[in-house]
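Engineer: The sequence and its predicted three-dimensional model are supplied below.
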Amino acid sequence: MIHAEVAIVGAGPAGTACARQLNQAGVNCLLLDKQSFPRQKPCAGWITPAVVVDLDLCPETYPHSFTTFHSFQVSVKGMKFKLPTLQFAIRRVELDDWLLKTCGVPLIQHKAQYIEQVEGGYVIDGGFHAKYLIGAGGTYCPVRRSLFQQQNSLRPEDQIVAMEEEFHYTGADERCHLWFLENNLPGYAWYVPKAGGHVNVGVGGKAFDLKRNSDDIRRHWGLLTKNLEHWGLVRGHTYQPVAHTYYIRHSLKGLRHGNALLVGDAAGLATPDMGEGIGAAICSGMRAAKAIISGGEYDLRTIPKSSIWSIFTTR
Ligand SMILES: Cc1cc2nc3c(=O)[nH]c(=O)nc-3n(C[C@H](O)[C@H](O)[C@H](O)COP(=O)(O)OP(=O)(O)OC[C@H]3O[C@@H](n4cnc5c(N)ncnc54)[C@H](O)[C@@H]3O)c2cc1C
């Protein structure tokens, strides 16, 4: 049995942000992920200035693709305009690997399945024991499944379903495009070019509203890719999209159960207006670490509930 003060299940942004803080404070922790890194994560890779600050991410020293947008090309139900802003984009395959490498805690590749609460802590699959447990395993986090089903159930009306693909594309448009509410999509579609020649395109929306309208995210994916061809943004590409689901923030109740804490997508924290989840994942990971280090409350109340204000900021 391997013992530590804290076991973190999931090495995405939430898990590594937590690991980094704990490691800096000298707290012995284990970091488990079922995948080996670098790993793909379906995500447009848009990050706000707040994320850049929280991560101490310096574009000059960050060793991977980092893109700055001073405006977005926006369309709302077909009404088009250019919105001045200051936002950024990274590639998740790169950022998550970099976060892991720089958090100071080595990865143990292990798929957590059976989690038990025992006297004085938690045991994972009979092989790992810790006093504290962090559920950072994303939407299908086994910590949530094992310990939080009763006290924090995610609501179907907060579920986002999304399809996307990131690929290398020579001659990509340098502008970031966002299309809101097109063709009755209860969400938005995006075209996010990345430094280094990759582009991420996708559609995301509320699963509940799509179902209520007898609609399907695949229909919107089909419309987007057809339009990208038509507008000349992507020509002649054979798509291989991936789909994923996650939850927007509804309640901050029930995210701690004894010494087990949920962070990031495992807690359902993405912003309700834009489905921005990287920022909340990092903030919640850091706050969970802070609660463990200080013995204080796990308090997420000041994590931004919305992304839209950040988009209207140009500095
Ligand atoms: C298509 C799409 C586009 C998005 N675009 C954006 C965007 O542009 N900007 C933004 O801010 N947010 C975006 N999001 C949301 C964002 O990707 C998530 O909110 C964010 O990744 C949450 O981070 P996390 O660390 O909580 O979870 P994750 O990044 O999902 O990491 C969870 C980790 O847990 C591991 N894991 C899972 N199960 C186990 C297990 N049993 N044992 C061990 N390890 C396990 C996984 O392998 C994974 O590495 C998007 C989401 C989707 C689906």
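Structural biologist: On my side now, so go ahead.

Engineer: How many residues are close by whichever residue of the stretch 1-150 of the chain sits closest to the ligand?
Structural biologist: Per CB to the nearest ligand atom, residue 12 is where the stretch 1-150 of the chain lies closest to the ligand, at 2.2 Å. Just so you know, the C-beta spots here come from the backbone N, C-alpha and C atoms, and that holds for glycine as well. If you count neighbours by other CB atoms under 10 Å, residue 12 ends up with 29.

Engineer: Contact partners for it?
Structural biologist: Residues counted as contacts of residue 12 (CB atoms under 8 Å, 6 or more residues apart in numbering) are 33, 41, 96, 136, 138, 264-265, 281.

Engineer: Go through these and name the one nearest residue 17.
Structural biologist: Distance ranking of these against residue 17, using CB to CB, places residue 281 first at 7.1 Å.

Engineer: Identify the residue nearest that closest one in space, chain neighbours excluded?
Structural biologist: Excluding its sequence neighbours, the residue lying closest to residue 281 (CB to CB, 6 or more residues apart in numbering) is residue 264, at 3.4 Å.

Engineer: Next: residue 35.
Structural biologist: Closest to residue 35 by CB to CB, 6+ apart is residue 109, at 7.2 Å.

Engineer: now swap in residue 249 and tell me
Structural biologist: Nearest residue to residue 249 in three dimensions, chain neighbours excluded: residue 269, at 5.1 Å (CB to CB, 6+ apart).

Engineer: which bits of the stretch 151-300 of the chain sit near the ligand?
Structural biologist: 162, 164, 202, 204, 244, 246, 264-266, 270, 275-279, 281 (CB under 6 Å from any ligand atom).

Engineer: Now the host helix or strand of residue 190: average pLDDT?
Structural biologist: For residue 190, the host element (DSSP states H and E) is strand 187-194. Here strand 187-194 scores 97 as its mean pLDDT.

Engineer: Same check on stretch 200-211?
Structural biologist: Predicted confidence along stretch 200-211 averages 98 (mean pLDDT).

Engineer: Give the buried residues for stretch 271-291.
Structural biologist: Neighbour counts over stretch 271-291 (16 or more other CB atoms under 10 Å) mark 271, 274-291 as buried.

Engineer: now do stretch 159-172
Structural biologist: Under the neighbour-count criterion of 16+ other CB under 10 Å, stretch 159-172 has 159-166, 169, 172 buried.

Engineer: mind checking how far that stretch is from the chain centre?
Structural biologist: Remark: stretch 159-172 is offset 15 Å from the chain centroid, using CA atoms, centre = their mean, to the nearest Å.

Engineer: Give me the phi and psi for the residue located most distally from the centre of the chain.
Structural biologist: Within the chain, the residue lying farthest from the chain centre (CA atoms, centre = their mean) is residue 119, at 32.8 Å. The phi and psi values for residue 119, taken as degrees, to the nearest 10, are phi -60, psi 120.

Engineer: how close does it sit to residue 165?
Structural biologist: Separation of residue 119 from residue 165 (CB to CB, to the nearest Å): 48 Å.

Engineer: Also residue 86?
Structural biologist: In this view, residue 86 and residue 165 are 26 Å apart by CB to CB.

Engineer: where do the helices sit along this protein?
Structural biologist: Counting by DSSP state H, one finds helices in the chain at the ranges 13-24, 49-54, 92-102, 142-143, 207-212, 217-230, 278-294, 308-311.

Engineer: Out of these, which is the most enclosed?
Structural biologist: helix 13-24 (a mean of 27; mean count of other CB atoms under 10 Å).

Engineer: tell me what that one is packed against?
Structural biologist: Packing contacts for helix 13-24, counted by 3 or more CB pairs under 8 Å, 6 or more residues apart in numbering; DSSP states H and E, involve strand 2-9, strand 29-33, helix 92-102, helix 278-294.
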